[in-house]
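Engineer: A predicted structure for the sequence below; I have some questions about it.
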Amino acid sequence: MEKKWTFLKFLGAGIILILIQSFFQKYDAFKDIYSTYIGYLIPMIYALFISIFLEPLVSKIENRFKLKRWVSVSIVIVLVIIGVIGFVGLILPQLGKSFKELYNKLPHMQEQLGNLIKRVLDFLKEKELLIIGEKQIEDNIINLLKRNIGNLQEFGISVLLNIVWWTVALSKFFIGFFLAVFILLDKEYFIKFLNNILTIIFGKEKGIYMSDFLNQSRNVLLNYVWGRIIASAFVGVVTFAVLFSTGVPYALLSSLMIGMGNMIPYVGSIVAGAIAIFLVILAEPSKIIYLFLAMVIGQAVDGWIVGPRIVSETVGMSTFWVIVAVLIGGSLMGPMGMFFGVPVFGIIKLIYEIQLKKNNNSSSKIIKNKKEKKWKK
């Protein structure tokens, strides 16, 4: 039986390696298969993730107040709906106003930036630090800015023209949310069903082992995602409080970008902060010091108070491996991969620790058996 299980493990590892190699060699073919077939399963995938994230809240309300399951699920749904309506009603109008104002100011900002570049070139020329022709540099920079601003305007128009696509995507999400309600209402059945499938595939002993591993992986994913949400909310609120109190333009837009960017460790904060700095410099350069202050305070909250507990306690990875996870995840799946790359590496680390512990226990048993045999002799 042990030889058979070893053979199956090698066979499974070989199949996985073949699939990974095929994925990188035939990426377009895999993408077509995903869009054609797997795309139909997106509502079910949404339902699975939504139920995983909402289940702890449902269980906490159910156990704390001794309520029936359907009552607890209903309360959680109402809280989610209130949160979504609050976000849409309070934040989106302000964001829309900021985007409209920003869009209208783009030509003026372009002119301001051109004047700023001209002043910098004049300063360099005065100090005799300008080596190549200033006219050529100025023309190249302004042309580059014109092309990028034109692309930004085209992007805004394309977003408006793709309302139908967004509607379809939202409809799939709502279907997934509807299915998640049924999973939450009868979670014991689905857990038992999953355990039965694992038992059929791996046997009773291995099935229990796999069930425990999936539960630990779920905890890693769940704790990390909720932790990042909490940390990013802290960063966004702190940033907005500083920017709003000091009268920095685009305070809500900048703080929201920085908060959402903070969801992706290190990389997201840098990108979002750079965009916010660019906007404030173009709108009101004298207020840039307050933006830097807000970013420093927000990152201090995340880096010293909230962040270390999240990464160390839920994932347990050093900064090096977090950055590696973000880079690899981003290269494979874009922004979504950058976010989920860290918990995926955390799960890989969990597999590593389980196997290491298993090997150490086996070695200890072998040494113990040898000592017992030697003692008997």
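Structural biologist: Perfect, thanks for sending it. Residues are numbered from 1 along each chain as shown.

Engineer: Tell me the spacing between residue 68 and residue 189.
Structural biologist: The spacing between residue 68 and residue 189, counted by Cβ to Cβ, to the nearest Å, is 16 Å. Every C-beta, even on glycine, is put in place using the N, C-alpha and C of the backbone.

Engineer: Grab the nearest non-local neighbour of residue 255.
Structural biologist: Excluding its sequence neighbours, the residue lying closest to residue 255 (Cβ to Cβ, 6 or more residues apart in numbering) is residue 240, at 3.6 Å.

Engineer: and the helix or strand where that neighbour lies, what does it pack onto?
Structural biologist: According to DSSP states H and E, residue 240 maps onto helix 204-245. With contacts taken as 3 or more Cβ pairs under 8 Å, 6 or more residues apart in numbering; DSSP states H and E, helix 204-245 sits against helix 42-65, helix 187-202, helix 251-261, helix 288-300, helix 307-310, helix 319-376.

Engineer: Please find the angle between the direction vectors of the helix or strand residue 97 falls within and helix 251-261.
Structural biologist: Using DSSP H and E, residue 97 maps to helix 92-126. Calculated by axes from the mean of the first three to the mean of the last three Cα atoms, to 10 degrees, helix 92-126 forms an angle of 90 degrees with helix 251-261.

Engineer: Please name every helix or strand in contact with helix 92-126.
Structural biologist: Applying 3+ Cβ pairs under 8 Å, 6+ apart, one finds that helix 92-126 contacts helix 134-161, helix 251-261, helix 267-283.

Engineer: any idea which of those scores lowest on pLDDT?
Structural biologist: Mean pLDDT is lowest for helix 134-161 among these, at a mean of 57.

Engineer: Pull out the buried positions in stretch 323-336.
Structural biologist: Neighbour-count burial for stretch 323-336, with 16 or more other Cβ atoms under 10 Å as criterion, is recorded at 323, 325, 326, 329, 330.

Engineer: Nearest to residue 208 among these?
Structural biologist: residue 325 (29.1 Å; Cβ to Cβ).

Engineer: Please verify my assumption that the closest one contacts residue 349.
Structural biologist: No: using Cβ atoms under 8 Å, residue 325 is not in contact with residue 349; the gap is 9.8 Å.

Engineer: Could you name every residue contacting both of these two?
Structural biologist: Both residue 325 and residue 349 are in contact with residue 317, where contact means Cβ atoms under 8 Å, 6 or more residues apart in numbering.

Engineer: Could you find the closest non-adjacent residue to residue 79?
Structural biologist: Per Cβ to Cβ, 6+ apart, closest to residue 79 is residue 57, 7.9 Å.

Engineer: Can you report how many residues neighbour the one you found?
Structural biologist: Neighbour count for residue 57, taken as other Cβ atoms under 10 Å: 17.

Engineer: Number the chain from 8, please
Structural biologist: Yep, numbering from 8; the last one is residue 64 now.
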